[in-house]
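Asks: 3D, please:
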Amino acid sequence: MRRVFDVVAEPSDRAFLGRWPAFRALSVACSVLRTDRALFGLFAGISAPLPGEVVGAQYRRPVANGTCPWAESDPSMRAYHDREWGRFPRTDAQLFERIVLEGAQAGLSWSTILNKRPAYRIAFAGFRPEAVARFTARDEQRLLSDAGIVRNKAKIRSAIANARAYLHLREEVGNVRQWLRGFDDPPSLSKALRSRGFNFVGPTIAKSILHATGVVNGHVAGCFLASAPLPRTLPARTPRRAARGARSAPR
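Replies: Next up, the predicted model:
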């Protein structure tokens, strides 16, 4: 069995997590005891597997309420599952939001990120890649002091860098959303994104992106959405104003 340290986070996150002696010690202990991630979650605060991981062999279990098991934890998770997850994004902002948030949840539960999403939308200027790409060091400091989001310097810098990479990819392929439809396996998508300068897009996160956008149907057998063709995501609500210090998109 792989060490828990390797299961919980993407490679790009391990350097950060490895700084904490307690985390390293717990990782080694769980490895020696051959403890799976579900038990590790009791210690690490991971309340549920990531949405993109629920089809893994460890998390296969009967569907009790006609939905994917990870969506049963609370009403907000069920609403996300029923109305958003697995639906193709309508706009670049919606797709970029999914890329950023799937990376932000590395090592955390999806419910944590979902609860922080309103604050993320304000902090990151509605996830408009043109706006985020113009963030400066001052914006980075603003984000690091924002208690409403995950204040991880590596993840914040990654989001800003990914906005710039997104714009370059759009210049290359024209329509990033249609380009994404050309992938059906996580390793290929991960490699394609990394080669274009994206960070926090390892195979696990790439799988989550494919499932979250509906390019690959990740609903488990027995879920009422497992085989149904899914419509596009409902139009996202754009924050009325970005947080103080956020720059507007170029015209």
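Asks: Can you list the low-confidence ranges for this structure?
Replies: Applying pLDDT under 70 to the chain flags residues 1-64, 228-251.
Asks: now do 80
Replies: 1-65, 227-251 (pLDDT under 80).
Asks: mind listing the helices for it?
Replies: Applying DSSP state H to the chain gives helices spanning 4-8, 11-17, 21-32, 37-44, 75-83, 92-104, 110-123, 129-132, 137-144, 153-173, 176-180, 186-194, 203-212.
Asks: I'd like these as a markdown table, with distance to His219 appended.
Replies: C-beta coordinates here come from the backbone N, C-alpha and C atoms, glycine included. A markdown table is the format used below for the helices of the chain (distance: least, CB to CB, whole Å):
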| stretch | distance to His219 |
| --- | --- |
| helix 4-8 | 23 |
| helix 11-17 | 27 |
| helix 21-32 | 30 |
| helix 37-44 | 21 |
| helix 75-83 | 8 |
| helix 92-104 | 16 |
| helix 110-123 | 15 |
| helix 129-132 | 28 |
| helix 137-144 | 33 |
| helix 153-173 | 27 |
| helix 176-180 | 19 |
| helix 186-194 | 17 |
| helix 203-212 | 8 |
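Asks: The ones you listed: which one's closest to Asn65?
Replies: helix 75-83 (8.6 Å; CB to CB).
Asks: Output the closest one as CSV - backbone C-alpha positions only.
Replies: What follows is helix 75-83, C-alpha atoms only, in CSV (Å, rounded to 0.1, in the frame of the first residue of the first chain):
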residue,chain,number,x,y,z
PRO,A,75,-27.3,19.5,1.6
SER,A,76,-24.7,21.8,0.0
MET,A,77,-22.8,18.7,-1.3
ARG,A,78,-26.0,17.2,-2.6
ALA,A,79,-27.0,20.5,-4.4
TYR,A,80,-23.5,20.7,-5.9
HIS,A,81,-23.7,17.1,-7.1
ASP,A,82,-27.2,17.5,-8.6
ARG,A,83,-26.8,20.9,-10.2
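Asks: how about that helix: buried residues?
Replies: Residues of helix 75-83 classed as buried by neighbour count (16 or more other CB atoms under 10 Å): 77-78, 80-81.
Asks: biggest separation within the residues you listed, which pair?
Replies: Across the buried residues of helix 75-83 (CB to CB), the longest gap, 7.3 Å, separates Arg78 and Tyr80.
Asks: what touches both of these two?
Replies: Ala71 (CB atoms under 8 Å, 6 or more residues apart in numbering).
Asks: Show me the contact partners of stretch 111-119.
Replies: Counting by CB under 8 Å, 6+ apart, residues outside stretch 111-119 touching it are 47-48, 73-74, 76-77, 80, 101, 104-105, 120, 146, 148-150.
Asks: One more: stretch 153-171?
Replies: 12-13, 15-16, 92, 96, 99-100, 103-104, 106, 124, 129-133, 135, 139-140, 143-144, 149, 176, 179, 193, 196-201.
Asks: Give me the neighbour count for Lys207.
Replies: Neighbour count for Lys207, taken as other CB atoms under 10 Å: 24.
Asks: So what's the residue count around Ser208?
Replies: 26.
Asks: Just the buried residues of the contacts of stretch 111-119.
Replies: Buried among the contacts of stretch 111-119 by 16+ other CB under 10 Å: 47-48, 77, 80, 101, 104-105, 120, 146, 148-150.
Asks: Pull the most distant pair out of those residues.
Replies: Checking the buried ones among the contacts of stretch 111-119 with CB to CB, the most distant pair is Ala48 and Asp146, at 24.5 Å.
Asks: Can you name the residues that contact the nearest residue to His81 once chain neighbours are set aside?
Replies: The shortest distance from His81 to any non-neighbouring residue, by CB to CB, 6 or more residues apart in numbering, is to Ala71 (3.5 Å). Residues in contact with Ala71 (CB under 8 Å, 6+ apart) are 77-78, 80-82, 85.
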